[in-house]
Structure formats: C-alpha cells, structure tokens
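Colleague: structure, please.
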Amino acid sequence: MKEAIVQQDLTVQIVDSPIPEPGPDQVVIKVVVSGSNPKDWKIPIFFKQALNTGDDIAGIVHSIGTNVFEFAPGDRVASFHEMMKPGGSFAEYAVGWAHSTFKIPAKTSFEDAATLPLAAMTSALGLYLRLRLPAPWAPATEATPLVVYGGAGAVGAFAIKLAVLSGIHPIVVVAGNGIKYVETLIDRSKGDTIIDYRSGDAAVVSGIRDALKGAKLYYAFDAVSEHNSYTNIVQVLEPDGAITLVLPGKKYEGIPDTVSQTITSVGASHGDAKDFAYVFFRYFSRGLDGGFFKPHPVEVVEGGLGGVSKALTDLKGGKASAVKYVFRIADTKGVKGTEEKL
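Modeller: Numbers count the residues shown, from 1 in each chain. Reported below is the predicted structural model:
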C-alpha cells in the first residue's frame, strides 16, 4: 500500500508499506478519506521523528481482530487512530482501536466523517471530563456561562456544538477570521455572542466581561492555549473557576493558583478515558444520523497523499480557518481507484 511519511521539514515521502494486520481489539480500515490536524505538523518537528502522523480515518472496514464484535468487513466507519503509533491515516489502510471506531451513517460523506475523530473527541473530553459540565443527555437546567476561545477551529467549533446540545448558555466565543461560520453555531437569543480577538487583548477582556452582563464565569475552554488566550480569560474567570487548555508540555504562567487548571489531551481516549471515548464516539454517530451533530466544513486537498505536505505547511502557517483539510486517498498518484461502491 502507499503510505505518506511526514519528515521534519514537512516534506512527505510516499512509500510502499505492507497492509497492517489488526490486533485482537483493532480494525484495519481501507482509508477513503483522511483528515488532518495541527499535531500532524508539530510531531515531526518537535519530536524530530519522521512518521505517518495522520489520525482521522474515514473508510471501509477491511479486517477485524478476534475480539471485535461491533464491526464487520464492508462497514462504513470513522476512527481515531492512536497517535504516534503505526497504522496512521495517511495511507491506503490504517489501524483503529474498536472502541474509538464508529459507524458512518449512510447520509454522511467520508469527507464529513473525517473531520470528527480527533477534534470532536477533544471537545467532548474538555467539556465533560475536564470541566465536568452537563452531558447532552442530562442538560443544564440553569444559566451556565462558558467561554470558548478559538471557536472557528475544529476543536472550538465542536465544543460550541456540544455545549448547545447540553443546554449550556450563554456561550461567549472568541474568534477571528472564522466569525461568519461561528455565527451559525450560536444562539444569540440565549445570550451567546462572539468577541473578535483581532481587536486586541484589552477589547477581548472587556468584550467577555460585557457579554456576561454581570453573571459570574466559572468555565472556560481554551482551544488556542497561546497568544495570551488564557491570560485574557483569567481576567474574567472567577477565582475558583475552571479552565481547560489543549497544549501539553508548557507552563501556563499567569493563571491564579485558585483556578482549577486542566489539560485536555485527546490521547486519553486511548488511555484512562477509553470508556468515555467509546460512549461519545457512538453518540457522534447517532448525532450525524439524527442531524443534530454536524461535521466541520471541509476543504479537499488536491493530489490525495501528495497534498499532505502543502496542507500541513498551510496549517503551520495558520491559513486554515473554519475548515478541515482532508485527503481523498484515491486521488494519490500510484493508488488504484477504490473498487467499493462509495
């Protein structure tokens, strides 16, 4: 099979690799579409390691492990690949754990499904495990102000969508170029609003404070976690409030010791949050089928795996706003057109 290996300089080498075999609790998926995420460019640079960094899989089950009971060859599925492990999504075939794999409804395209696995799970972990906010099936019964910083990115946007399903309002969203898209996600009749970070830090802080209209802020989801995002938030957050951040391995200076500070790492879905991930991935599938959970907007990158290098370079350069870059594997030079009826 063809597989894209991302180098430290973000060039990509397309190599021939053997089709992987599933472990007892894994599925091997013929990848129709792969998604992408900022970590896909960060890992080769920060860890000085060349590898297939893709983790968002959408495709058709090829084979299953001996313990897998929910899936069978031919099923349309999406899956969150375990980060930094063999079998990533920048390839013709990829490996997913059964618990982090979910069925794609017939009405949902592979392109749309590929936007969900990493980003939507990050949002769910942040809101419900880290901030301990009410789940969609037991929604909030009183006003629960929430700041989502970075609302146009996939993680921030999915956090808004889930918060709405949980009856959490008012949602104060900080965004920039993607404000037009964020506007489609919020409900201004319930006090939701958007603050433009391009107006400067002082305007962001005063904008959040004005949007709260005297209400106290106890919860913040910082989907940016840099460029003063968290220092802006804590100027409005209550001293005993809670903030969750998404960038591991850094010291967040300026956050008061009294504030509950957590890191939301999606890797937990392959660690101590496996059961949580199992439940929410299936909730996403139900939401797609029911129409109450929407995917992120997509941009199909030309050339399939041959377009990975440019897409990751654009991600690194901050060019993606309110959009997910996805790759159709069949568009890759040297790959046979998929034979399944898609």
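Colleague: what's the burial count for Asp196?
Modeller: Counted with other Cβ atoms under 10 Å, residues neighbouring Asp196 total 14. Glycine gets a C-beta too; all of them are placed from N, C-alpha and C.
Colleague: any idea what it is bridged to?
Modeller: Bridge pairing for Asp196 (DSSP bridges) gives the partners Ala175.
Colleague: separation between it and Ser89?
Modeller: Asp196 is 34 Å from Ser89, where distance means Cβ to Cβ, to the nearest Å.
Colleague: okay, now Lys42: neighbour count?
Modeller: Counted by other Cβ under 10 Å, the residues lying close to Lys42 total 15.
Colleague: element containing it, please.
Modeller: Lys42 is located in helix 39-46, with elements delineated by DSSP states H and E.
Colleague: now do the buried residues in the helix or strand following that helix.
Modeller: Once the chain leaves helix 39-46, the next helix or strand it forms, by DSSP H and E, is strand 56-64. Neighbour-count burial for strand 56-64 flags 56-64 (criterion: 16 or more other Cβ atoms under 10 Å).
Colleague: then stretch 258-267?
Modeller: Within stretch 258-267, the residues that count as buried by 16+ other Cβ under 10 Å are 259-261, 263-267.
Colleague: for this structure, which segments are assigned as helices?
Modeller: 39-46, 110-113, 117-124, 154-165, 179-183, 201-212, 229-234, 274-290, 308-316 (DSSP state H).
Colleague: can I get the shortest one as PDB, trimmed to CA atoms?
Modeller: It stands for helix 110-113. The C-alpha coordinates for helix 110-113 follow below in PDB (Å, rounded to 0.1, in the frame of the first residue of the first chain):
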ATOM      1  CA  PHE A 110     -16.500  10.100   4.100                       C
ATOM      2  CA  GLU A 111     -15.200  13.700   3.800                       C
ATOM      3  CA  ASP A 112     -17.500  15.000   6.500                       C
ATOM      4  CA  ALA A 113     -16.900  12.000   8.800                       C
END
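Colleague: hmm, who's touching that helix?
Modeller: With Cβ atoms under 8 Å, 6 or more residues apart in numbering as the test, helix 110-113 has contacts from 32-33, 58-59, 76, 78, 104, 288, 295, 298, 300, 326, 328, 342.
Colleague: save the helices of the chain as JSON lines, and put in mean pLDDT and distance to Arg130 too.
Modeller: Below are the helices of the chain laid out as JSON lines (pLDDT from 0 to 100; distance: least, Cβ to Cβ, whole Å):
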{"stretch": "helix 39-46", "mean pLDDT": "96", "distance to Arg130": "18"}
{"stretch": "helix 110-113", "mean pLDDT": "98", "distance to Arg130": "25"}
{"stretch": "helix 117-124", "mean pLDDT": "98", "distance to Arg130": "10"}
{"stretch": "helix 154-165", "mean pLDDT": "98", "distance to Arg130": "11"}
{"stretch": "helix 179-183", "mean pLDDT": "98", "distance to Arg130": "22"}
{"stretch": "helix 201-212", "mean pLDDT": "98", "distance to Arg130": "20"}
{"stretch": "helix 229-234", "mean pLDDT": "98", "distance to Arg130": "14"}
{"stretch": "helix 274-290", "mean pLDDT": "98", "distance to Arg130": "11"}
{"stretch": "helix 308-316", "mean pLDDT": "97", "distance to Arg130": "24"}
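Colleague: quick one: closest of those to Pro139.
Modeller: helix 154-165 (7.4 Å; Cβ to Cβ).
Colleague: and the closest one, how far out from the chain middle?
Modeller: Helix 154-165 sits 10 Å away from the centroid of its parent chain (Cα atoms, centre = their mean, to the nearest Å).
Colleague: that helix packs against which elements?
Modeller: helix 117-124, strand 146-149, strand 171-175, helix 179-183 (3 or more Cβ pairs under 8 Å, 6 or more residues apart in numbering; DSSP states H and E).
Colleague: what's the domain layout of the protein?
Modeller: What the record gives for the chain is the domain set 2-116+295-331, 127-267, from automatic domain parsing.
Colleague: which of those sits closest to Ala277?
Modeller: Minimum separation from Ala277 across the domains of the chain (Cβ to Cβ) falls at domain 2-116+295-331, 5.4 Å.
Colleague: alright, I will stop here.
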